[in-house]
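Visitor: here is my input; please provide its structure:
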Amino acid sequence: MTMLSVPSPDLYDAWLACIRDFGDGPRDGSGDWQVPDLGPDRTSFEALLAVARLESDPTSVLPAGHVHSDYYWVTEGLEMIGFLAVRHSIDNEFLRTQGGHIGYSIRPSHRRRGRASRALGLALGRARELGLERVLLTCDEDNVGSLRTIEAQGGVFDSVFNGKKRYWIEL
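Guide: The predicted structure follows:
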C-alpha cells in the first residue's frame with residue numbers, strides 16, 4: 001500500500017536505492033534543490049533530513065523565498081518509491097507561477113501503476129488538514145502521466161506558464 005512517510009534516518013538504504021533509480025532525472029518534491037551537489041551519499045541524505053525538519057516546523061524562521069512545507073517519502077512497505085512535498089503556502093513568485101502547493105515524483109521503475117495518484121490523494125488530505133481551500137499543482141506540458149494524475153484528482157486546468165501547465169484542485 002502506498003503511504004507518505006516522514007523522512008527518517010531509518011530509511012537511508014531505501015532512500016539510496018530511490019535516488020539511484022532517479023539518476024540525474026528530476027526529483028520533484030524531494031527538496032533536493034536545497035542541497036548543493038546532491039548525490040547518493042550519507043552527507044546528502046543528512047542534509048535533506050535537516051531541510052525537512054526545518055521547513056516542517058511552523059515556528060522556524062526560514063530563509064527568504066522559502067515556505068513551510070511537509071516533506072514526505074512515498075513508500076510501499078520497506079521500499080521508497082518517490083518524494084512528495086506539501087507547501088503550506090505559495091508565498092513567492094516561483095511557487096505562485098510554476099511550483100504550486102504540492103510537488104511529487106515517483107521513481108522511474110515504479111511509474112504507471114497508480115502510485116502517484118494514491119500519493120497525491122494522501123497529500124490532498126494533508127492540505128485539507130492545513131486548512132487550505134484549494135491547491136495549485138503544476139507539471140511540464142509534455143508530462144502526460146502527471147497531467148492524468150492531477151486531472152484524476154480533480155485538477156482543473158488554469159493556464160500555461162513557462163512550459164508548466166497549472167491546475168487548481170478545490171478541497
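Visitor: shaky segments in the protein?
Guide: Residues of the chain meeting the criterion pLDDT under 70: none.
Visitor: residue boundaries of the strands in it?
Guide: 2-5, 69-76, 79-87, 102-106, 134-140, 156-161, 164-170 (DSSP state E).
Visitor: out of those, which one sits most buried?
Guide: Sort the strands of the chain by mean neighbour count, taking mean count of other C-beta atoms under 10 Å, and strand 102-106 sits at the top with a mean of 26. C-betas here are computed from N, CA, C, even on glycine.
Visitor: could you say what helices and strands that one packs with?
Guide: strand 79-87, helix 115-129 (3 or more C-beta pairs under 8 Å, 6 or more residues apart in numbering; DSSP states H and E).
Visitor: make it 10 Å
Guide: Using 3 or more C-beta pairs under 10 Å, 6 or more residues apart in numbering; DSSP states H and E as the contact test, the elements touching strand 102-106 are helix 12-22, strand 69-76, strand 79-87, helix 115-129, strand 134-140, helix 144-152.
Visitor: what would these look like in TSV with distance to residue 168?
Guide: Shown next, in TSV, are the helices and strands packed on strand 102-106 (distance: least, C-beta to C-beta, whole Å):
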stretch	distance to residue 168
helix 12-22	28
strand 69-76	19
strand 79-87	14
helix 115-129	12
strand 134-140	5
helix 144-152	10
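Visitor: counting neighbours, what do you get for the nearest residue to residue 39 once chain neighbours are set aside?
Guide: Distance criterion C-beta to C-beta, 6 or more residues apart in numbering; nearest residue to residue 39, sequence neighbours excluded, is residue 19 at 7.9 Å. Using other C-beta atoms under 10 Å, residue 19 has 22 other residues around it.
Visitor: for residue 94, same thing?
Guide: Applying other C-beta under 10 Å, we find 10 residues neighbouring residue 94.
Visitor: all set, thanks.
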